[in-house]
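1. got a sequence here, can you build the structure:
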Amino acid sequence: MMTQSRYSSVDEQGTVLSDKASEPSRETVKHLVIGSPKAVKSTIYSLQVLGYAQVGDWSQLIPTANPGEVMSILSRNIAVQ
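-> Down below sits the predicted model:
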């Protein structure tokens, strides 16, 4: 008997049989947070609490051309169907 999962098939011995046609492709998205250092850090910590990204996944705070303003960047690979 063969069982079907969302992305692959499994044979009687439990061997995963990959179905490349049904696998989602991967793309990189970038998140940019801009604001005061306090606001940017607060946003980053809030996203960690929500389980979206770890604090260490973000870039260091980068000064912008505006006084008192910084930015931080997060790149994520996501599945796209």
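2. any idea where the strands of the protein begin and end?
-> 3-4, 8-10, 16-18, 25-35, 62-63, 70-80 (DSSP state E).
3. got CSV for the ones you listed, with mean neighbour count, mean pLDDT and distance to S46 too?
-> For the C-beta atoms, the positions are set from N, CA and C on the backbone; glycine is no exception. Formatted as CSV, the strands of the chain follow (neighbours: other Cβ atoms under 10 Å; pLDDT from 0 to 100; distance: least, Cβ to Cβ, whole Å):
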stretch, mean neighbour count, mean pLDDT, distance to S46
strand 3-4, 10, 46, 39
strand 8-10, 14, 59, 35
strand 16-18, 10, 60, 37
strand 25-35, 12, 96, 10
strand 62-63, 12, 98, 19
strand 70-80, 13, 95, 13
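4. wait, which of those strands is closest to G51?
-> Nearest to G51, of all the strands of the chain, is strand 70-80, at 13.0 Å by Cβ to Cβ.
5. can I get the closest one in PDB? Just the C-alpha atoms.
-> Coordinates of each C-alpha in strand 70-80 appear next as PDB, following Å, rounded to 0.1, in the frame of the first residue of the first chain:
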ATOM      1  CA  VAL A  70      18.100  53.100  11.800                       C
ATOM      2  CA  MET A  71      17.100  50.100   9.800                       C
ATOM      3  CA  SER A  72      17.500  46.300  10.100                       C
ATOM      4  CA  ILE A  73      17.100  43.700   7.400                       C
ATOM      5  CA  LEU A  74      15.900  40.100   7.600                       C
ATOM      6  CA  SER A  75      16.200  37.700   4.600                       C
ATOM      7  CA  ARG A  76      14.000  34.600   4.600                       C
ATOM      8  CA  ASN A  77      13.600  31.800   2.100                       C
ATOM      9  CA  ILE A  78       9.900  30.900   1.700                       C
ATOM     10  CA  ALA A  79       8.000  28.300  -0.200                       C
ATOM     11  CA  VAL A  80       6.100  29.600  -3.100                       C
END
